[in-house]
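1. What follows is a protein structure lacking sequence information:
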C-alpha cells in the first residue's frame, strides 16, 4: 500500500538496489524507533526555530516578502528532497528550520488577531496525529487500496482547487474556497474546504504509518529513517496549517 504523502509515496522503490546488490544486515536496517527518534528531533528543531522567530523577527513592512521567500525556499527544498530521495540530515534539518521560521512569523500574526489560537492549533494537530496513531495501532482503521485511492484523489483535488483559488485571488482579489485575509468574512465554502483537508490529512497518516512499517519489515537502510521522519514532518505541518485556518474562521 503506497502512502499518499508526496514524500513517502515512492518509498517502496527506494533503496531496493542497495538491499539486493549491496545487502543490508539487521544492524544496518532502520527500525520504528529510528523513525520516531528522528521525527521527534525534527519537530523539536522546527518548534525551537518557530519560537525564536516569534520573539526575534519583527512585524515590519517587509515581513510579507520575508514570508514569501521562506515559503519558496521551503518548497524548493521539499521538492528536491522528495524527488531525489535525499537522506542527508543536514538538508532535512534545513527544511525544518525554514518551516520553523515561516510557522513562527505567520503564527504570531494569527495570534495577534486571535489570542490563544496557536496553542489550540498545536494541540489539535498533535491530538489528531496521536489519535490516528492509536487507531492504526488498534487496527480500527486499516490501510487499504480503497482508502489510498480516496485519500490520494482528495488531496490532489484539494491541491488543484487551492492553486486555482490562490491564482484567482492574486489576479482579482476574490476569495473562494480559502480565505487569505485574517479578518474578512467567511462563507460556507472555506469551512467545507478546510474540513475536508483536515480529514484527508488525518487519514493520510494511516497510510504513512503503514508505509513506514512495511519499509522497516523490508529492511530499508537506516539512513532512510531520516526520509521517513521528513515525510511525517511534512504531513504534520500541512495539518497544522489547515487546523489553524479553520480555527481562524470559527473565531470571526
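-> Happy to help now that I have it. Note that the structure is a prediction, hence the values are computed from the model and not measured.
2. hey, let's count contacts and neighbours off CA atoms from now on
-> OK.
3. which is the next helix or strand following the helix or strand hosting residue 94?
-> According to DSSP states H and E, residue 94 maps onto helix 89-113. As assigned by DSSP H and E, the chain's next helix or strand after helix 89-113 is helix 117-137.
4. Just list what the next helix or strand along the chain from that following helix packs against, helices and strands only.
-> Later in the chain than helix 117-137, the nearest helix or strand by DSSP H and E is helix 145-172. The contact analysis (3 or more Cα pairs under 8 Å, 6 or more residues apart in numbering; DSSP states H and E) places helix 145-172 against helix 188-217.
5. The helix it packs on relative to helix 145-172, how many degrees between them?
-> Interaxial angle of helix 188-217 relative to helix 145-172 (axes from the mean of the first three to the mean of the last three Cα atoms, to 10 degrees): 130 degrees.
6. Would you mind pulling up the elements that the next helix or strand after helix 188-217 packs against?
-> Next along the chain after helix 188-217, taking DSSP H and E as the criterion, comes helix 224-250. Under the contact definition 3+ Cα pairs under 8 Å, 6+ apart, helix 224-250 sits against helix 32-56, helix 89-113, helix 117-137, helix 188-217.
7. Only the buried residues of stretch 123-136, if you could.
-> In terms of neighbour count (16 or more other Cα atoms under 10 Å), stretch 123-136 has its buried residues at 124-125, 128-129, 132-133, 136.
8. how about the helices and strands packed on helix 224-250 in JSON lines, adding mean pLDDT and distance to residue 167?
-> Listed next are those as JSON lines, based on pLDDT from 0 to 100; distance: least, Cα to Cα, whole Å:
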{"stretch": "helix 32-56", "mean pLDDT": "92", "distance to residue 167": "28"}
{"stretch": "helix 89-113", "mean pLDDT": "89", "distance to residue 167": "20"}
{"stretch": "helix 117-137", "mean pLDDT": "95", "distance to residue 167": "26"}
{"stretch": "helix 188-217", "mean pLDDT": "89", "distance to residue 167": "16"}
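9. Tabulate these (JSON lines), appending distance to residue 143.
-> Listed next are the helices and strands packed on helix 224-250 as JSON lines, based on distance: least, Cα to Cα, whole Å:
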{"stretch": "helix 32-56", "distance to residue 143": "18"}
{"stretch": "helix 89-113", "distance to residue 143": "27"}
{"stretch": "helix 117-137", "distance to residue 143": "8"}
{"stretch": "helix 188-217", "distance to residue 143": "5"}
